[in-house]
Structure formats: structure tokens, C-alpha cells
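Enquirer: no sequence for this one, just the structure:
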């Protein structure tokens, strides 16, 4: 039987950071590991970040495995089982997934014949916990279904706020184990020693499920081989509307390349060694897609026209 660990969490909470930490923590000592990564956009950013780590991986993009891509997800689990035969299968959902429906797929034939759900882990951005006031039931569902809650980015909030968040989490899901982290630095054994309560999961009320499109979420992308101007890009990022929650991908500057990670107004641009064209994925709700992409295009470096030959 394959032991399955499902990692959920809202946009930018730290799911990919958690998986990178686990892969860097020699979890192969626990068992052979495989990954399934789900991206709602067309550009596979997370899969690229996790590739090259001596682990078998399947990436499912352009949709959500809890809704429109259920068959793709089931086929991916089957392929991993047949070809890789891992001890551990880690599944990273999109930030707008509703884990209850994914749990149904894992706990029903044919997947239940060769896979065992060990735990559902939900990563929470402590600094953006107030987002649940906007998303309400949608946000709470990711917390309610979890066996483990990782309260991440605790360095960005005060001790008083942290205590309030823990109280709120207790009210939503009193049975879950809660771990506080910075950069999702957690002992893997703490995660892999918690077993899912399958009965509780299957009895969950999924009537509150919100499909990404029905909830007003949208995803769009931008790709261009021309370099961007760093100063103009900073101005662009600082002017993005609050309805644009997530922006991630690769940026080509004139003399360098970088990874861009933007979450609800906060962003980090980290240099990378590998040359890449600019490729970005945007996720938001009721955003002016045309206006945002038009503004981004103005960040492109304008080529200098060649000097004219001749003259007096």
C-alpha cells in the first residue's frame, strides 16, 4: 500500500516551501517518495521548483484536481503506483482546492485498493489569516478537513495575534495537531507519525465546496522572451490591486534571471543561475486581466535603436 500525504493550503501559504524542506530533510530514509503537483495555471512553476531532487513527480496543470481534473488525478496516482511503487506519495493541491473532494477520490475504488491516506496537512499563512474574513467557508474548509495544521510565517505576527489565531483554529478544528513554523521548517517525523481519521474525512459535509470558477477565482499567465526593467517591475508589483492574490514564476532581467513570489502585496525576487524567459502565473478574483497584463508589458526593456551611419 502507498501511504498518501495530501498537502493543502491557501494561495502563497508555503506548500511548495514545505515540500522542498521535506525533500531536503532526507525523507528517503523513511521510504521511497513520489510527488503529484497540481497547478491551476498553464505554467508549471511549482513542478519546476521541485524538479531535479531525485524524486519521481507528475505535474497536473490547467485546472483543479478537486473538480475538473479528478480523472487526471486518479490516473496520475495509478501511474505512480504502477511505475514507481513508492512508500510515500505526497500530493500538493492548488491554493484554491477544496480537499474534501480529493479525499473522496482517494478513499474510493480503485485508489483505495492500493493507497492509504495517512494525513491531510494544511499550511496556513499566519500573517494572512485575516483572509478567512473574505473567503469564509472556502478558507475554513481547508482547515476543517486537516489532520495537521502548519501555522507558517509566525515571524510576521505578534505573539498576541498568534494566540488569537490558534484559538480560532481550535474553534474550526479542535482535533488537528498544530505546529508553528517559519519557512515550514518542521521535523518530517512529526508529520508522518499522524494518521488520518478516515471516518471523519468521509463524513465531511462537502455542500460548501466552491469550484474555483464559481467562486470567482481566475488564473492567467504572461510569457515573454524580452527582459524586464527591475525598477518598473517593482512599481508594477506595488500597484497591483488587492484582488490579485498570487503571482509567481520566472523573470528575465537584462543581465540576470530571478524567481518572483508575490502573495497579497508581499513579494520576493530571488536571483537564479539558470537562464529563463519571463513566465508568470497570476491568480485572483474578478481582476482586470487585460489591464494588468498591459501594465506588465510596459515593464519590458525598450531596445535602443541602432545608430545611423554617416552624418556630416
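Expert: Happy to help now that I have it. As the structure is a prediction and not an experimental result, all values here were calculated from the model.

Enquirer: Kindly check the end-to-end length of stretch 143-157 for me.
Expert: 19 Å (CA to CA, to the nearest Å).

Enquirer: tell me which residues in it are buried?
Expert: By 16 or more other CB atoms under 10 Å, the buried positions in stretch 143-157 come out as 143-154, 157. No exception for glycine: its C-beta is placed from N, CA and C like everyone else's.

Enquirer: the helices in the protein, which residues?
Expert: For the chain, applying DSSP state H gives helices covering 15-24, 45-50, 70-83, 99-106, 132-135, 137-144, 159-172, 188-192, 198-202, 230-238, 289-297.

Enquirer: Please work out which residues outside the fifth one touch it.
Expert: It refers to helix 132-135. 10, 139-140, 168 (CB atoms under 8 Å, 6 or more residues apart in numbering).

Enquirer: quick one: least confident of those?
Expert: Checking pLDDT across the contacts of helix 132-135, the minimum falls on residue 139 at 83.

Enquirer: In space, what's closest to it - neighbours in sequence excluded?
Expert: Spatial nearest neighbour of residue 139, excluding adjacent residues (CB to CB, 6 or more residues apart in numbering): residue 132 at 4.0 Å.

Enquirer: quick one: the one you found and residue 60, what's the gap?
Expert: Counting by CB to CB, to the nearest Å, the gap from residue 132 to residue 60 is 27 Å.

Enquirer: Can you list the strands that the longest strand belonging to the chain pairs with?
Expert: Longest strand in the chain, counting residues (DSSP state E): strand 115-125. If you go by DSSP bridges, strand 115-125 pairs up with strand 2-9 (parallel), strand 148-152 (parallel).

Enquirer: As CSV, the ones you listed with mean pLDDT and distance to residue 179 would be great.
Expert: As requested, those are exported to CSV (pLDDT from 0 to 100; distance: least, CB to CB, whole Å):
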stretch, mean pLDDT, distance to residue 179
strand 2-9, 94, 13
strand 148-152, 97, 5
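
Enquirer: Same list (these) but as a markdown table, adding distance to residue 233.
Expert: Converted to a markdown table, the strands paired with strand 115-125 look like this (distance: least, CB to CB, whole Å):
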| stretch | distance to residue 233 |
| --- | --- |
| strand 2-9 | 27 |
| strand 148-152 | 26 |
